[in-house]
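Colleague: Let's see this in three dimensions:
(one chain, ligands or ions: 1)
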Amino acid sequence: MQYSEIMVRYGELSTKGKNRKDFIRQLGRNVKRSLHEFEGLEIRAQHDRLHVALNGVDSAPVIERLKGVFGIENFSPVIKLEKDFEAVKATALTMIQAQYKPGMTFKINTKRQDHHFEFDTNQINDKLGGHILRNIPGIDVKMKQPDITLRVEVRLNGIFLSSETIPGAGGLPVGTGGKAAMMISGGIDSPVAAYLGMKRGVKLDMVHFFSPPYTSEQALAKTKDLTSKIAGYAGSIQFVQVPFTKVQETIKEKVPEGYLMTIQRRMMLRITAAIALARGDKGVFTGESLGQVASQTLESMMAINDVTTMPVLRPLVSMDKTEIIRIAEQIDTYDLSILPFEDCCTIFTPPAPKTRPDLEKTRNFEKLIDVEGLMQEALDGITVTEIKPGENYMNQQEEVFAELL
Ligand SMILES: Nc1ncnc2c1ncn2[C@@H]1O[C@H](COP(=O)(O)OP(=O)(O)OP(=O)(O)O)[C@@H](O)[C@H]1O
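Modeller: Residues are numbered from 1 along each chain as shown. Model (predicted):
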């Protein structure tokens with residue numbers, strides 16, 4: 001069916017009073033960015049709804065994209081007709097026929113803005129309902145929770161028909177909640193935490209630590225691919241890669257084994273907080289949850305958090321692994337995450353790290369390394385890449401390997 005426009009209903013932002021205007025403007029920008037390659041679309045963000053005029057563009061791929069934009073409660077593809085009631089009847093029938101399966105019920109729901117139109121609301125409901133009943137044998141009318149609701153809006157500039165309400169991604173438009181740094185590994189959890197952070201309207205810069213030659217180019221490429229998946233919800237994401245080999249080697253050489261992991265994490269958080277500050281980010285997100293591994297006890301979090309006053313946000317803190325995996329599957333990061341590439345943290349983690357590190361001991365052991373010097377060296381080595389949806393870094397790596405062979 002060739003629709004003329006998609007009508008988008010706002011989510012939570014409608015309750016946000018004075019911020020409403022900013023939210024609508026940001027959502028408009030985000031929708032434009034996510035639909036940028038469809039030529040001919042006209043996007044108008046108005047105070048109650050956002051309209052995407054299709055101007056002949058196929059609605060199916062546009063609908064798929066809109067499903068990933070935060071701040072949208074739901075949306076409906078709409079057909080706009082001139083005020084010709086015969087045409088309205090014919091189109092209404094085609095729309096319901098397209099959705100009808102034996103046993104289904106329907107109702108017509110009319111709103112009339114143009115009070116000069118030849119029929120009033122009840123007449124329109126009756127006439128269209130009768131036309132459907134006569135032409136689709138077996139279909140029944142049901143007022144409460146019918147399977148199909150055909151919405152008819154008689155506006156000043158035409159008659160608008162819609163019969164489908166497609167759920168949106170919910171949440172708040174990315175960008176309305178400020179900006180933060182996200183510590184992303186190649187694992188299952190951090191991409192899910194990133195998704196949940198963005199769902200609350202936060203724009204994220206990804207920060208990733210890698211340790212060549214202990215971690216491979218493929219492991220780095222995999223994390224970039226995960227970022228590309230998440231970028232589908234944000235338009236594009238800045239990926240900050242931080243060389244971490246020297247820090248890890250020094251810690252391994254100088255610090256007692258039980259405290260290796262805690263001090264490594266402190267260095268990671270310190271460096272991330274410095275990057276965040278320099279980029280105007282107001283917090284650090286991680287994929288930690290309570291009680292999964294040694295770094296994720298309250299004692300451990302206290303010993304690690306000690307290095308910064310920036311808020312450290314952990315959207316997964318109370319989730320079970322099965323819940324996290326379910327979201328990873330839904331956002332299509334799971335299959336990538338489980339590819340077996342090494343992470344710099346796991347490589348240098350001793351078999352028995354302290355699960356309840358002591359804060360004073362941690363601070364004292366850390367004095368054995370040159371914190372400032374190592375931090376500066378890592379910061380001097382960072383590379384920033386702009387990552388867009390649909391990019392594929394792992395394949396590029398395979399091509400490089402193929403050339404070398
Ligand atoms: N190489 C890395 N670069 C950036 N952040 C990292 C890195 N490794 C771990 N982190 C951060 O520390 C958090 C905890 O990592 P850890 O490996 O202990 O747990 P995890 O539950 O396996 O997390 P994930 O599945 O995200 O790797 C990660 O979610 C991420 O936020």
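
Colleague: tell me the strands in the stretch 201-350 of the chain, going along the chain?
Modeller: Along the stretch 201-350 of the chain, the segments classed as strands by DSSP state E, counting those that start in this stretch run 203-210, 237-243, 284-285, 312-313.

Colleague: Point out the most buried one among the ones you listed.
Modeller: Of those, the one with the most neighbours on average (mean count of other C-beta atoms under 10 Å) is strand 284-285, at a mean of 26. The C-beta positions use only the backbone N, C-alpha and C, and glycine is treated the same way.

Colleague: name the helices or strands packed onto that strand?
Modeller: strand 179-183, helix 189-199, helix 260-278, strand 312-313 (3 or more C-beta pairs under 8 Å, 6 or more residues apart in numbering; DSSP states H and E).

Colleague: Is any residue of the last one near the ligand?
Modeller: To tie it back to what came earlier, the one meant is strand 312-313. No - Strand 312-313 is not in contact with the ligand by C-beta under 6 Å from any ligand atom; minimum separation 9.8 Å.

Colleague: Give me the contact list for that strand.
Modeller: With contacts defined as C-beta atoms under 8 Å, 6 or more residues apart in numbering, strand 312-313 is touched by 180, 197, 269, 283-286, 305.

Colleague: Spell out which residues of the chain are next to the ligand.
Modeller: Proximity of the chain to the ligand, by C-beta under 6 Å from any ligand atom, involves residues 183-185, 187-190, 207-209, 286-288, 292-293, 295, 343-345.

Colleague: circling back to that earlier point, can you redo the strands of the stretch 201-350 of the chain as TSV with distance to Asp332?
Modeller: Below are those laid out as TSV (distance: least, C-beta to C-beta, whole Å):
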stretch	distance to Asp332
strand 203-210	17
strand 237-243	16
strand 284-285	20
strand 312-313	23
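
Colleague: Next, the contact list for the residue of the stretch 301-405 of the chain found nearest the ligand, please.
Modeller: For the stretch 301-405 of the chain and the ligand, the shortest gap (C-beta to the nearest ligand atom) falls at Cys345, measuring 4.3 Å. By C-beta under 8 Å, 6+ apart, the residues touching Cys345 are 185, 209, 261, 264-265, 268.

Colleague: correct me, but Asp332 touches Leu226?
Modeller: No - look at Asp332 against Leu226 with C-beta atoms under 8 Å: they stay out of range, at 10.0 Å.

Colleague: if you count what's nearby, which of the two comes out ahead?
Modeller: Neighbours per residue (other C-beta atoms under 10 Å) separate Asp332 from Leu226, with Leu226 holding more: 29 against 12.

Colleague: Can you give me the neighbour number for the closest residue to the more buried one other than its chain neighbours?
Modeller: Of all residues not flanking Leu226 in the chain, Pro191 sits nearest, at 4.8 Å (C-beta to C-beta, 6 or more residues apart in numbering). Per other C-beta under 10 Å, the neighbour tally for Pro191 reads 29.

Colleague: any idea how far Pro191 lies from Asp147?
Modeller: From Pro191 across to Asp147, the span is 36 Å (C-beta to C-beta, to the nearest Å).

Colleague: Got the domain ranges for this structure?
Modeller: Domain assignment for the chain, taken from automatic domain parsing, gives 5-169, 179-404.

Colleague: quick one, which of those domains is packed in tightest?
Modeller: Of all these, domain 179-404 carries the top mean neighbour count, a mean of 18, counting by mean count of other C-beta under 10 Å.

Colleague: All set now, cheers.
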